[in-house]
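**Q** fold the following, please.
(4 chains)
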Protein chains: 2
Amino acid sequence: MPGTKANEEVRREQIRVAAYELAAEAGLRAITIRDVAERAELSPGLVLFHFGSKEHLVIEVLTWVLETTTALRIGPEVAAIKAPGERLLALLRQEMARLTAEPLRIRLFFEFWSAGLWDPAIGVRMKQELDRYREAFRPMAAAVLEADAARFPGVTAEGLAAVAVGFIKGCAVQSLIEPELDIAEFFAAAEGLLAQPLLAAASLPASPVLSRRHRRR
Amino acid sequence: MPGTKANEEVRREQIRVAAYELAAEAGLRAITIRDVAERAELSPGLVLFHFGSKEHLVIEVLTWVLETTTALRIGPEVAAIKAPGERLLALLRQEMARLTAEPLRIRLFFEFWSAGLWDPAIGVRMKQELDRYREAFRPMAAAVLEADAARFPGVTAEGLAAVAVGFIKGCAVQSLIEPELDIAEFFAAAEGLLAQPLLAAASLPASPVLSRRHRRR
DNA sequence: GTCTACATTGAACGCATGGTCAATAGACAA
DNA sequence: TTGTCTATTGACCATGCGTTCAATGTAGAC
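**A** A predicted model of the protein is given here:
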(Lines give C-alpha, C1' and ligand atoms only; values in the text may rest on other atoms or scores of the structure.)
Protein backbone atom coordinates (compact mmCIF):
# COMPACT_ATOMS: atom_id res chain seq x y z
CA MET A 1 0.00 0.00 0.00
CA PRO A 2 1.80 3.06 -1.29
CA GLY A 3 1.92 6.13 0.86
CA THR A 4 1.66 4.17 4.06
CA LYS A 5 4.57 4.22 6.43
CA ALA A 6 6.11 0.93 7.45
CA ASN A 7 8.72 -0.51 9.75
CA GLU A 8 12.31 -0.20 8.59
CA GLU A 9 12.91 -3.96 8.64
CA VAL A 10 9.69 -4.69 6.81
CA ARG A 11 10.62 -2.31 4.02
CA ARG A 12 14.15 -3.67 3.68
CA GLU A 13 12.89 -7.23 3.41
CA GLN A 14 10.22 -6.16 0.94
CA ILE A 15 12.82 -4.52 -1.26
CA ARG A 16 15.32 -7.34 -0.93
CA VAL A 17 12.74 -9.92 -1.95
CA ALA A 18 11.77 -7.87 -4.99
CA ALA A 19 15.42 -7.61 -6.02
CA TYR A 20 15.94 -11.34 -5.50
CA GLU A 21 12.93 -12.22 -7.60
CA LEU A 22 14.07 -10.01 -10.45
CA ALA A 23 17.55 -11.53 -10.37
CA ALA A 24 16.17 -15.06 -10.23
CA GLU A 25 13.97 -14.39 -13.22
CA ALA A 26 16.27 -12.43 -15.48
CA GLY A 27 19.75 -12.24 -13.97
CA LEU A 28 21.69 -9.77 -11.89
CA ARG A 29 21.45 -7.13 -14.61
CA ALA A 30 17.71 -7.06 -14.05
CA ILE A 31 18.24 -5.47 -10.65
CA THR A 32 17.66 -1.80 -11.36
CA ILE A 33 16.44 0.73 -8.85
CA ARG A 34 13.33 1.48 -10.87
CA ASP A 35 12.36 -2.14 -11.52
CA VAL A 36 12.91 -3.14 -7.93
CA ALA A 37 10.78 -0.21 -6.79
CA GLU A 38 8.05 -1.07 -9.25
CA ARG A 39 7.94 -4.73 -8.19
CA ALA A 40 7.87 -3.76 -4.53
CA GLU A 41 5.18 -1.18 -5.29
CA LEU A 42 7.27 1.62 -3.90
CA SER A 43 8.96 4.68 -5.32
CA PRO A 44 12.54 4.51 -6.62
CA GLY A 45 13.72 7.07 -4.11
CA LEU A 46 12.67 4.87 -1.22
CA VAL A 47 14.93 2.03 -2.34
CA LEU A 48 17.95 4.26 -2.02
CA PHE A 49 16.60 5.82 1.14
CA HIS A 50 16.72 2.40 2.81
CA PHE A 51 19.82 0.90 1.16
CA GLY A 52 21.96 3.93 0.40
CA SER A 53 23.12 2.57 -2.95
CA LYS A 54 22.36 -0.15 -5.43
CA GLU A 55 25.60 -1.88 -4.49
CA HIS A 56 24.47 -2.29 -0.90
CA LEU A 57 21.21 -3.80 -2.08
CA VAL A 58 22.93 -6.27 -4.40
CA ILE A 59 25.33 -7.34 -1.68
CA GLU A 60 22.44 -7.87 0.71
CA VAL A 61 20.78 -10.14 -1.86
CA LEU A 62 24.09 -11.93 -2.37
CA THR A 63 24.51 -12.50 1.35
CA TRP A 64 21.00 -13.84 1.64
CA VAL A 65 21.40 -16.20 -1.33
CA LEU A 66 24.67 -17.57 -0.01
CA GLU A 67 23.44 -17.97 3.52
CA THR A 68 20.55 -20.09 2.34
CA THR A 69 22.56 -21.94 -0.32
CA THR A 70 25.53 -22.88 1.82
CA ALA A 71 23.59 -23.70 4.93
CA LEU A 72 24.40 -26.80 6.93
CA ARG A 73 24.98 -29.57 4.45
CA ILE A 74 25.84 -32.89 6.02
CA GLY A 75 22.70 -34.48 7.37
CA PRO A 76 22.69 -36.85 10.33
CA GLU A 77 21.45 -39.67 8.12
CA VAL A 78 24.75 -39.50 6.27
CA ALA A 79 26.86 -39.44 9.40
CA ALA A 80 24.89 -42.41 10.73
CA ILE A 81 26.03 -44.69 7.92
CA LYS A 82 28.75 -46.99 9.12
CA ALA A 83 30.25 -48.52 5.96
CA PRO A 84 32.96 -46.11 4.76
CA GLY A 85 32.40 -46.40 1.03
CA GLU A 86 28.64 -46.08 1.39
CA ARG A 87 29.04 -43.00 3.54
CA LEU A 88 30.85 -41.00 0.86
CA LEU A 89 28.30 -42.09 -1.71
CA ALA A 90 25.50 -40.99 0.61
CA LEU A 91 27.18 -37.59 0.98
CA LEU A 92 27.39 -37.23 -2.76
CA ARG A 93 23.74 -38.24 -3.15
CA GLN A 94 22.64 -35.74 -0.53
CA GLU A 95 24.50 -32.90 -2.23
CA MET A 96 23.15 -33.93 -5.60
CA ALA A 97 19.61 -33.91 -4.27
CA ARG A 98 20.14 -30.37 -3.04
CA LEU A 99 21.41 -29.27 -6.41
CA THR A 100 18.57 -30.75 -8.39
CA ALA A 101 16.06 -29.34 -5.93
CA GLU A 102 17.20 -25.72 -6.24
CA PRO A 103 18.47 -25.10 -9.75
CA LEU A 104 17.43 -21.47 -9.63
CA ARG A 105 19.42 -20.65 -6.54
CA ILE A 106 22.46 -22.52 -7.82
CA ARG A 107 22.23 -20.51 -10.99
CA LEU A 108 22.21 -17.27 -9.04
CA PHE A 109 25.11 -18.48 -6.96
CA PHE A 110 27.22 -18.93 -10.08
CA GLU A 111 26.18 -15.59 -11.45
CA PHE A 112 27.21 -13.83 -8.27
CA TRP A 113 30.48 -15.64 -8.42
CA SER A 114 30.99 -14.55 -12.01
CA ALA A 115 30.13 -10.97 -11.10
CA GLY A 116 32.54 -11.09 -8.18
CA LEU A 117 35.41 -11.73 -10.55
CA TRP A 118 35.24 -8.13 -11.70
CA ASP A 119 33.27 -6.19 -9.12
CA PRO A 120 35.52 -5.71 -6.08
CA ALA A 121 32.68 -5.18 -3.61
CA ILE A 122 30.88 -8.34 -4.71
CA GLY A 123 34.15 -10.25 -4.92
CA VAL A 124 35.16 -9.39 -1.38
CA ARG A 125 31.80 -10.32 0.06
CA MET A 126 31.69 -13.50 -1.98
CA LYS A 127 35.06 -14.49 -0.56
CA GLN A 128 33.91 -13.78 2.99
CA GLU A 129 30.83 -15.93 2.59
CA LEU A 130 32.74 -18.76 0.94
CA ASP A 131 35.35 -18.70 3.67
CA ARG A 132 32.61 -18.89 6.24
CA TYR A 133 31.07 -21.83 4.41
CA ARG A 134 34.36 -23.64 4.03
CA GLU A 135 35.24 -23.28 7.65
CA ALA A 136 31.90 -24.75 8.59
CA PHE A 137 31.82 -27.54 6.03
CA ARG A 138 35.34 -28.85 5.80
CA PRO A 139 35.79 -30.12 9.38
CA MET A 140 32.31 -31.54 9.33
CA ALA A 141 33.00 -33.43 6.13
CA ALA A 142 36.39 -34.49 7.40
CA ALA A 143 34.85 -36.01 10.50
CA VAL A 144 32.33 -37.90 8.45
CA LEU A 145 34.83 -39.06 5.87
CA GLU A 146 37.74 -39.93 8.13
CA ALA A 147 37.33 -43.66 7.69
CA ASP A 148 37.15 -43.30 3.92
CA ALA A 149 40.25 -41.17 3.69
CA ALA A 150 42.26 -43.56 5.80
CA ARG A 151 41.97 -46.13 3.04
CA PHE A 152 43.68 -43.93 0.46
CA PRO A 153 47.38 -43.29 1.02
CA GLY A 154 48.29 -39.61 0.81
CA VAL A 155 44.66 -38.47 0.92
CA THR A 156 43.47 -36.62 3.99
CA ALA A 157 39.89 -36.46 5.10
CA GLU A 158 39.83 -32.73 4.37
CA GLY A 159 41.27 -33.37 0.95
CA LEU A 160 38.63 -35.98 0.34
CA ALA A 161 35.91 -33.54 1.36
CA ALA A 162 37.33 -30.91 -0.98
CA VAL A 163 37.39 -33.39 -3.82
CA ALA A 164 33.85 -34.47 -3.09
CA VAL A 165 32.65 -30.88 -3.14
CA GLY A 166 34.61 -30.25 -6.32
CA PHE A 167 33.05 -33.25 -7.95
CA ILE A 168 29.56 -32.10 -6.99
CA LYS A 169 30.28 -28.67 -8.39
CA GLY A 170 31.41 -30.32 -11.57
CA CYS A 171 28.08 -32.08 -11.78
CA ALA A 172 26.32 -28.78 -11.14
CA VAL A 173 28.25 -27.00 -13.87
CA GLN A 174 27.75 -29.89 -16.22
CA SER A 175 24.02 -29.91 -15.61
CA LEU A 176 23.77 -26.16 -16.15
CA ILE A 177 25.88 -26.24 -19.28
CA GLU A 178 23.95 -29.17 -20.67
CA PRO A 179 20.36 -28.57 -19.55
CA GLU A 180 19.06 -31.28 -21.81
CA LEU A 181 21.22 -33.78 -19.94
CA ASP A 182 19.25 -35.61 -17.30
CA ILE A 183 21.25 -34.75 -14.23
CA ALA A 184 19.97 -37.71 -12.28
CA GLU A 185 21.15 -40.04 -15.01
CA PHE A 186 24.48 -38.30 -15.19
CA PHE A 187 24.91 -38.62 -11.46
CA ALA A 188 23.96 -42.28 -11.59
CA ALA A 189 26.77 -42.84 -14.07
CA ALA A 190 29.20 -40.95 -11.89
CA GLU A 191 28.03 -42.87 -8.89
CA GLY A 192 28.42 -46.13 -10.73
CA LEU A 193 31.95 -45.16 -11.58
CA LEU A 194 32.82 -44.23 -8.02
CA ALA A 195 30.82 -46.87 -6.25
CA GLN A 196 32.71 -49.92 -7.36
CA PRO A 197 36.24 -48.76 -6.62
CA LEU A 198 35.17 -47.15 -3.36
CA LEU A 199 33.41 -50.22 -2.12
CA ALA A 200 36.08 -52.46 -3.54
CA ALA A 201 38.74 -50.44 -1.77
CA ALA A 202 36.78 -50.71 1.43
CA SER A 203 36.84 -54.49 1.17
CA LEU A 204 40.40 -54.81 -0.09
CA PRO A 205 43.21 -56.13 2.10
CA ALA A 206 46.18 -53.96 2.88
CA SER A 207 48.81 -52.75 0.35
CA PRO A 208 46.65 -52.61 -2.76
CA VAL A 209 48.04 -52.22 -6.25
CA LEU A 210 49.51 -48.79 -6.80
CA SER A 211 51.47 -47.18 -9.57
CA ARG A 212 54.89 -45.86 -8.74
CA ARG A 213 53.57 -42.34 -8.87
CA HIS A 214 51.14 -42.94 -6.03
CA ARG A 215 53.18 -45.13 -3.77
CA ARG A 216 54.39 -42.04 -1.96
CA ARG A 217 54.12 -41.53 1.74
CA MET B 1 47.52 4.33 -38.12
CA PRO B 2 44.26 6.24 -37.99
CA GLY B 3 42.77 7.53 -41.16
CA THR B 4 44.39 4.85 -43.23
CA LYS B 5 42.18 2.39 -45.02
CA ALA B 6 42.68 -1.26 -44.31
CA ASN B 7 41.48 -4.66 -45.41
CA GLU B 8 38.11 -5.69 -44.04
CA GLU B 9 39.48 -8.84 -42.40
CA VAL B 10 42.38 -6.96 -40.85
CA ARG B 11 40.03 -4.44 -39.26
CA ARG B 12 37.66 -7.09 -37.93
CA GLU B 13 40.50 -9.02 -36.32
CA GLN B 14 41.96 -5.81 -34.90
CA ILE B 15 38.61 -4.92 -33.31
CA ARG B 16 37.94 -8.45 -32.08
CA VAL B 17 41.33 -8.64 -30.38
CA ALA B 18 40.74 -5.31 -28.67
CA ALA B 19 37.38 -6.51 -27.41
CA TYR B 20 38.86 -9.79 -26.20
CA GLU B 21 41.63 -8.02 -24.31
CA LEU B 22 39.18 -5.72 -22.58
CA ALA B 23 36.98 -8.66 -21.56
CA ALA B 24 39.95 -10.67 -20.36
CA GLU B 25 41.14 -7.76 -18.24
CA ALA B 26 37.89 -6.50 -16.78
CA GLY B 27 35.02 -8.78 -17.77
CA LEU B 28 32.36 -8.78 -20.45
CA ARG B 29 30.91 -5.53 -19.19
CA ALA B 30 34.14 -3.82 -20.17
CA ILE B 31 33.29 -4.36 -23.83
CA THR B 32 31.85 -1.01 -24.85
CA ILE B 33 31.96 0.43 -28.34
CA ARG B 34 33.95 3.45 -27.22
CA ASP B 35 36.53 1.49 -25.22
CA VAL B 36 37.02 -1.08 -27.94
CA ALA B 37 37.50 1.69 -30.48
CA GLU B 38 39.98 3.49 -28.24
CA ARG B 39 42.05 0.34 -27.62
CA ALA B 40 42.06 -0.47 -31.34
CA GLU B 41 42.97 3.16 -32.10
CA LEU B 42 39.93 3.60 -34.29
CA SER B 43 36.76 5.63 -34.13
CA PRO B 44 33.62 4.27 -32.45
CA GLY B 45 31.67 4.51 -35.66
CA LEU B 46 34.04 2.16 -37.41
CA VAL B 47 33.40 -0.63 -34.93
CA LEU B 48 29.73 -0.63 -35.81
CA PHE B 49 30.49 -0.14 -39.46
CA HIS B 50 32.31 -3.48 -39.47
CA PHE B 51 30.21 -5.44 -36.97
CA GLY B 52 26.75 -3.94 -37.32
CA SER B 53 26.03 -4.08 -33.61
CA LYS B 54 27.73 -4.65 -30.30
CA GLU B 55 25.95 -7.97 -30.01
CA HIS B 56 27.58 -9.28 -33.16
CA LEU B 57 30.97 -8.25 -31.85
CA VAL B 58 30.46 -9.97 -28.51
CA ILE B 59 29.29 -13.14 -30.18
CA GLU B 60 32.32 -13.12 -32.44
CA VAL B 61 34.56 -12.88 -29.37
CA LEU B 62 32.57 -15.67 -27.74
CA THR B 63 32.96 -17.89 -30.77
CA TRP B 64 36.67 -17.27 -30.90
CA VAL B 65 37.15 -17.97 -27.17
CA LEU B 66 35.21 -21.19 -27.37
CA GLU B 67 36.90 -22.38 -30.51
CA THR B 68 40.30 -22.02 -28.91
CA THR B 69 39.17 -23.27 -25.49
CA THR B 70 37.39 -26.37 -26.66
CA ALA B 71 39.85 -27.29 -29.36
CA LEU B 72 40.97 -30.89 -29.75
CA ARG B 73 41.60 -32.18 -26.30
CA ILE B 74 42.75 -35.78 -26.24
CA GLY B 75 46.38 -35.92 -27.21
CA PRO B 76 47.91 -38.96 -28.89
CA GLU B 77 50.15 -39.50 -25.87
CA VAL B 78 47.03 -40.23 -23.85
CA ALA B 79 45.59 -42.60 -26.42
CA ALA B 80 48.90 -44.39 -26.64
CA ILE B 81 48.78 -45.50 -23.02
CA LYS B 82 47.77 -49.12 -22.80
CA ALA B 83 46.94 -49.70 -19.13
CA PRO B 84 43.24 -48.78 -18.72
CA GLY B 85 43.45 -47.13 -15.30
CA GLU B 86 46.52 -45.13 -16.23
CA ARG B 87 44.86 -43.93 -19.39
CA LEU B 88 42.00 -42.21 -17.60
CA LEU B 89 44.41 -40.65 -15.16
CA ALA B 90 46.51 -39.37 -18.06
CA LEU B 91 43.39 -37.83 -19.60
CA LEU B 92 42.59 -36.09 -16.33
CA ARG B 93 46.16 -34.84 -16.02
CA GLN B 94 46.15 -33.50 -19.55
CA GLU B 95 42.91 -31.59 -19.01
CA MET B 96 44.16 -30.28 -15.71
CA ALA B 97 47.34 -29.03 -17.33
CA ARG B 98 45.24 -27.15 -19.86
CA LEU B 99 43.19 -25.55 -17.14
CA THR B 100 46.13 -24.40 -15.08
CA ALA B 101 47.85 -23.08 -18.18
CA GLU B 102 45.00 -20.82 -19.28
CA PRO B 103 43.14 -19.55 -16.22
CA LEU B 104 42.21 -16.34 -18.00
CA ARG B 105 40.48 -18.06 -20.88
CA ILE B 106 38.66 -20.45 -18.57
CA ARG B 107 37.48 -17.48 -16.59
CA LEU B 108 36.08 -15.86 -19.73
CA PHE B 109 34.48 -19.11 -20.72
CA PHE B 110 32.53 -19.19 -17.49
CA GLU B 111 31.56 -15.57 -17.79
CA PHE B 112 30.18 -16.13 -21.26
CA TRP B 113 28.29 -19.08 -19.95
CA SER B 114 26.85 -17.00 -17.14
CA ALA B 115 25.89 -14.26 -19.57
CA GLY B 116 24.25 -16.81 -21.84
CA LEU B 117 21.84 -17.75 -19.09
CA TRP B 118 20.01 -14.47 -19.61
CA ASP B 119 21.04 -13.09 -22.99
CA PRO B 120 19.22 -15.15 -25.64
CA ALA B 121 21.67 -14.37 -28.43
CA ILE B 122 24.67 -15.37 -26.33
CA GLY B 123 22.83 -18.36 -24.92
CA VAL B 124 21.95 -19.74 -28.33
CA ARG B 125 25.46 -19.35 -29.66
CA MET B 126 26.93 -20.81 -26.49
CA LYS B 127 24.73 -23.86 -26.92
CA GLN B 128 25.76 -24.27 -30.54
CA GLU B 129 29.42 -24.15 -29.68
CA LEU B 130 29.05 -26.54 -26.76
CA ASP B 131 27.11 -28.98 -28.90
CA ARG B 132 29.85 -28.83 -31.47
CA TYR B 133 32.44 -29.48 -28.80
CA ARG B 134 30.51 -32.32 -27.27
CA GLU B 135 30.00 -34.05 -30.56
CA ALA B 136 33.70 -33.85 -31.24
CA PHE B 137 34.91 -34.80 -27.77
CA ARG B 138 32.56 -37.51 -26.57
CA PRO B 139 33.22 -40.18 -29.20
CA MET B 140 36.91 -39.45 -29.02
CA ALA B 141 36.92 -39.86 -25.28
CA ALA B 142 34.71 -42.90 -25.53
CA ALA B 143 37.16 -44.60 -27.87
CA VAL B 144 40.04 -43.85 -25.56
CA LEU B 145 38.19 -44.90 -22.43
CA GLU B 146 36.43 -47.97 -23.74
CA ALA B 147 38.65 -50.39 -21.85
CA ASP B 148 38.16 -48.43 -18.64
CA ALA B 149 34.42 -48.31 -18.92
CA ALA B 150 34.17 -52.03 -19.57
CA ARG B 151 35.40 -52.65 -16.04
CA PHE B 152 32.51 -50.79 -14.43
CA PRO B 153 29.10 -52.43 -14.73
CA GLY B 154 26.43 -50.03 -15.96
CA VAL B 155 28.94 -47.38 -17.00
CA THR B 156 29.36 -46.66 -20.68
CA ALA B 157 32.47 -45.18 -22.19
CA GLU B 158 30.53 -42.04 -23.12
CA GLY B 159 29.23 -41.80 -19.59
CA LEU B 160 32.73 -42.16 -18.27
CA ALA B 161 33.93 -39.40 -20.57
CA ALA B 162 31.11 -37.14 -19.40
CA VAL B 163 31.99 -37.84 -15.80
CA ALA B 164 35.65 -37.17 -16.45
CA VAL B 165 34.81 -33.82 -18.05
CA GLY B 166 32.45 -33.00 -15.22
CA PHE B 167 35.12 -33.80 -12.70
CA ILE B 168 37.61 -31.56 -14.46
CA LYS B 169 35.09 -28.75 -14.56
CA GLY B 170 34.55 -29.23 -10.86
CA CYS B 171 38.26 -28.79 -10.33
CA ALA B 172 38.18 -25.68 -12.49
CA VAL B 173 35.30 -24.17 -10.56
CA GLN B 174 36.89 -25.12 -7.29
CA SER B 175 40.16 -23.48 -8.29
CA LEU B 176 38.41 -20.31 -9.37
CA ILE B 177 36.25 -20.14 -6.28
CA GLU B 178 39.21 -20.78 -4.01
CA PRO B 179 42.10 -18.98 -5.69
CA GLU B 180 44.30 -19.43 -2.67
CA LEU B 181 43.95 -23.18 -3.07
CA ASP B 182 46.90 -24.67 -4.90
CA ILE B 183 45.15 -26.28 -7.82
CA ALA B 184 47.99 -28.68 -8.50
CA GLU B 185 47.83 -29.89 -4.94
CA PHE B 186 44.09 -30.21 -5.10
CA PHE B 187 44.35 -32.22 -8.26
CA ALA B 188 47.01 -34.44 -6.72
CA ALA B 189 44.59 -35.24 -3.91
CA ALA B 190 41.81 -35.97 -6.38
CA GLU B 191 44.15 -38.08 -8.42
CA GLY B 192 45.27 -39.95 -5.33
CA LEU B 193 41.66 -40.66 -4.56
CA LEU B 194 40.87 -41.91 -8.04
CA ALA B 195 44.16 -43.61 -8.77
CA GLN B 196 43.96 -46.40 -6.25
CA PRO B 197 40.46 -47.65 -6.98
CA LEU B 198 40.94 -47.26 -10.72
CA LEU B 199 44.16 -49.19 -10.77
CA ALA B 200 42.86 -51.61 -8.21
CA ALA B 201 39.78 -52.22 -10.33
CA ALA B 202 41.98 -52.77 -13.33
CA SER B 203 43.89 -55.49 -11.52
CA LEU B 204 40.89 -57.10 -9.88
CA PRO B 205 39.49 -60.43 -11.03
CA ALA B 206 35.96 -60.62 -12.38
CA SER B 207 32.81 -59.93 -10.33
CA PRO B 208 34.24 -57.48 -7.82
CA VAL B 209 32.51 -56.52 -4.62
CA LEU B 210 29.41 -54.51 -5.27
CA SER B 211 26.60 -53.24 -3.14
CA ARG B 212 23.11 -54.33 -3.99
CA ARG B 213 22.34 -50.97 -5.47
CA HIS B 214 25.07 -51.25 -8.07
CA ARG B 215 24.81 -54.87 -9.04
CA ARG B 216 22.45 -53.86 -11.83
CA ARG B 217 22.99 -54.84 -15.42
C1' DG C 1 44.58 14.82 -62.79
C1' DT C 2 39.97 13.49 -62.14
C1' DC C 3 36.56 10.62 -60.62
C1' DT C 4 34.36 7.07 -58.06
C1' DA C 5 33.61 3.99 -54.32
C1' DC C 6 33.78 3.37 -49.78
C1' DA C 7 36.44 3.23 -45.39
C1' DT C 8 36.64 6.43 -41.67
C1' DT C 9 35.44 10.10 -38.54
C1' DG C 10 33.21 12.32 -34.61
C1' DA C 11 29.37 15.00 -33.32
C1' DA C 12 24.80 14.15 -32.08
C1' DC C 13 20.52 11.50 -30.66
C1' DG C 14 17.63 8.75 -27.70
C1' DC C 15 17.51 6.01 -23.95
C1' DA C 16 18.34 3.78 -19.49
C1' DT C 17 20.73 4.02 -15.51
C1' DG C 18 22.20 5.38 -10.44
C1' DG C 19 21.61 8.96 -7.62
C1' DT C 20 19.80 13.70 -5.52
C1' DC C 21 16.54 16.47 -3.25
C1' DA C 22 12.83 19.69 -2.22
C1' DA C 23 8.15 18.85 -1.36
C1' DT C 24 4.55 15.99 0.68
C1' DA C 25 2.01 12.95 3.55
C1' DG C 26 1.28 10.08 7.37
C1' DA C 27 1.94 8.62 12.35
C1' DC C 28 2.13 9.99 16.81
C1' DA C 29 2.84 13.07 21.05
C1' DA C 30 1.24 16.88 23.47
C1' DT D 1 -6.23 20.27 16.88
C1' DT D 2 -1.66 21.32 16.40
C1' DG D 3 3.07 20.34 15.82
C1' DT D 4 7.01 17.47 14.87
C1' DC D 5 9.51 13.94 12.94
C1' DT D 6 10.42 11.17 9.21
C1' DA D 7 9.02 7.83 5.70
C1' DT D 8 7.75 8.56 1.08
C1' DT D 9 7.32 10.60 -3.41
C1' DG D 10 8.56 11.77 -8.17
C1' DA D 11 10.67 15.18 -10.90
C1' DC D 12 15.21 16.07 -12.01
C1' DC D 13 20.31 15.62 -12.95
C1' DA D 14 24.64 13.74 -14.78
C1' DT D 15 26.56 9.96 -16.97
C1' DG D 16 27.39 6.34 -20.05
C1' DC D 17 25.59 3.53 -23.34
C1' DG D 18 24.45 1.77 -28.38
C1' DT D 19 23.53 3.69 -32.49
C1' DT D 20 23.00 7.00 -36.55
C1' DC D 21 24.69 9.81 -40.10
C1' DA D 22 26.37 13.73 -42.74
C1' DA D 23 30.88 15.06 -43.72
C1' DT D 24 35.61 13.85 -44.80
C1' DG D 25 39.60 11.37 -46.30
C1' DT D 26 41.85 7.81 -48.95
C1' DA D 27 42.97 4.39 -52.45
C1' DG D 28 42.62 2.88 -56.87
C1' DA D 29 40.52 3.08 -61.86
C1' DC D 30 40.56 5.61 -65.88
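**Q** what number of residues lie near A:Glu102?
**A** Neighbour count of A:Glu102, defined by other Cβ atoms under 10 Å in any protein chain shown: 14. The C-beta positions use only the backbone N, C-alpha and C, and glycine is treated the same way.
**Q** quickly note the distance from it to chain B.
**A** Between A:Glu102 and chain B the distance is 15 Å, computed by Cβ to the nearest Cβ, to the nearest Å.
**Q** same check, this time on A:Ala147
**A** Applying Cβ to the nearest Cβ to A:Ala147 and chain B gives a distance of 14 Å.
**Q** for burial, what's the neighbour tally of that residue?
**A** When neighbours are defined as other Cβ under 10 Å, A:Ala147 has 15 of them.
**Q** do the helix or strand hosting it and DNA strand C meet at all?
**A** Using DSSP states H and E, A:Ala147 sits within helix A:120-150. No - figure legend: helix A:120-150 not in contact with DNA strand C (Cβ under 7 Å from any atom of the strand); closest approach 10.7 Å.
**Q** buried ones in that helix?
**A** Across helix A:120-150, burial judged by 16 or more other Cβ atoms under 10 Å in any protein chain shown covers A:122, A:125-126, A:129-130, A:133-134, A:137-138, A:141-142, A:144-145, A:148-149.
**Q** same deal with stretch A:49-61?
**A** Buried residues in stretch A:49-61, counted by 16+ other Cβ under 10 Å: A:50-51, A:57-61.
**Q** surely A:Leu145 and A:Glu86 touch.
**A** No - with contact defined as Cβ atoms under 8 Å, A:Leu145 does not count as touching A:Glu86 (11.8 Å).
**Q** wait, A:Trp125 sits on A:Ile59?
**A** Rather than Trp, residue A:125 is Arg. Yes - the pair A:Arg125 / A:Ile59 is scored as a contact, 5.2 Å apart, by Cβ under 8 Å.
**Q** can you pull out the strands in chain A?
**A** With DSSP state E, there are no strands along chain A.
**Q** check whether A:Leu48 really touches A:Val36, as I assumed.
**A** No - here A:Leu48 does not reach A:Val36: they are 10.2 Å apart, not a contact under Cβ under 8 Å.
**Q** these two: which is more packed in?
**A** Between A:Leu48 and A:Val36, counting by other Cβ under 10 Å, A:Val36 is the more crowded of the two (27 against 15).
**Q** so who does that one touch?
**A** Counting by Cβ atoms under 8 Å, 6 or more residues apart in numbering or on different chains, A:Val36 touches A:15, A:18-19, A:22, A:47, A:57.
**Q** distance check, it against DNA strand D.
**A** Using Cβ to the nearest atom of the strand, to the nearest Å, A:Val36 is found at 12 Å from DNA strand D.
**Q** okay but A:Ile168 is in contact with A:Leu88, surely?
**A** No - using Cβ under 8 Å, A:Ile168 is not in contact with A:Leu88; the gap is 11.5 Å.
**Q** who's more crowded, those two?
**A** When A:Ile168 and A:Leu88 are compared for neighbours, A:Leu88 comes out ahead with 28 against 24, by other Cβ under 10 Å.
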